[in-house]
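Peer 1: Attaching a predicted model along with its sequence, questions to come.
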Amino acid sequence: TGETSTTPMYKRISARMTETRHTFRKMPEDDPLAETIMGKFVRSAFFDKGSAALLVLNGIFIGVQVENLFYYPEPVAAEVGIDIFFCIAFIIELAIRLLGFGCAGFFCSTND
């Protein structure tokens, strides 16, 4: 895109990130799933941020679980419940992604 070696590194990285951001999970124009409500929702920033927040919260919870292992060798009932919550939440996320992208788009996407 007209970048030379005199362009500062941060500007080149910023330009590359902007280009990549616009092509992330882009579906072909002729794909019927691209226009569905679920397809639009799965590719939205809201869904991406929600999925990322779920992952971060799960990571924090795993750290708390490991810390509690030093004090309580057996898992506390609340820990089991929270484990089940995260398991169900990730299954729901997977199902939503499958509905939004379709099996072919989810498993055989050329964008990743």
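Peer 2: Now that the structure is in, tell me what you want to look at.

Peer 1: only C-alpha atoms for contact and neighbour calcs from this point on.
Peer 2: Fine.

Peer 1: Can you give me the distance of residue 36 to residue 101?
Peer 2: Separation of residue 36 from residue 101 (Cα to Cα, to the nearest Å) stands at 10 Å.

Peer 1: Please name every helix or strand in contact with the helix ranked longest in the chain.
Peer 2: The residue-count maximum for a helix in the chain (DSSP state H) belongs to helix 77-107. Secondary-structure packing of helix 77-107 (3 or more Cα pairs under 8 Å, 6 or more residues apart in numbering; DSSP states H and E): helix 37-42, helix 45-69.

Peer 1: Tell me which of these is the most buried.
Peer 2: helix 37-42 (a mean of 16; mean count of other Cα atoms under 10 Å).

Peer 1: Which strands or helices does that one pack on?
Peer 2: helix 77-107.

Peer 1: Tell me the confidence at the nearest residue to residue 65 once chain neighbours are set aside?
Peer 2: Leaving aside its sequence neighbours, residue 65 sits nearest to residue 79 (Cα to Cα, 6 or more residues apart in numbering; 7.4 Å). Looking at residue 79, its pLDDT is 90.

Peer 1: Compare residue 36 and residue 101 (neighbour count), which wins?
Peer 2: Taking other Cα atoms under 10 Å, residue 36 and residue 101 do not tie; residue 101 has more neighbours (24 against 13).
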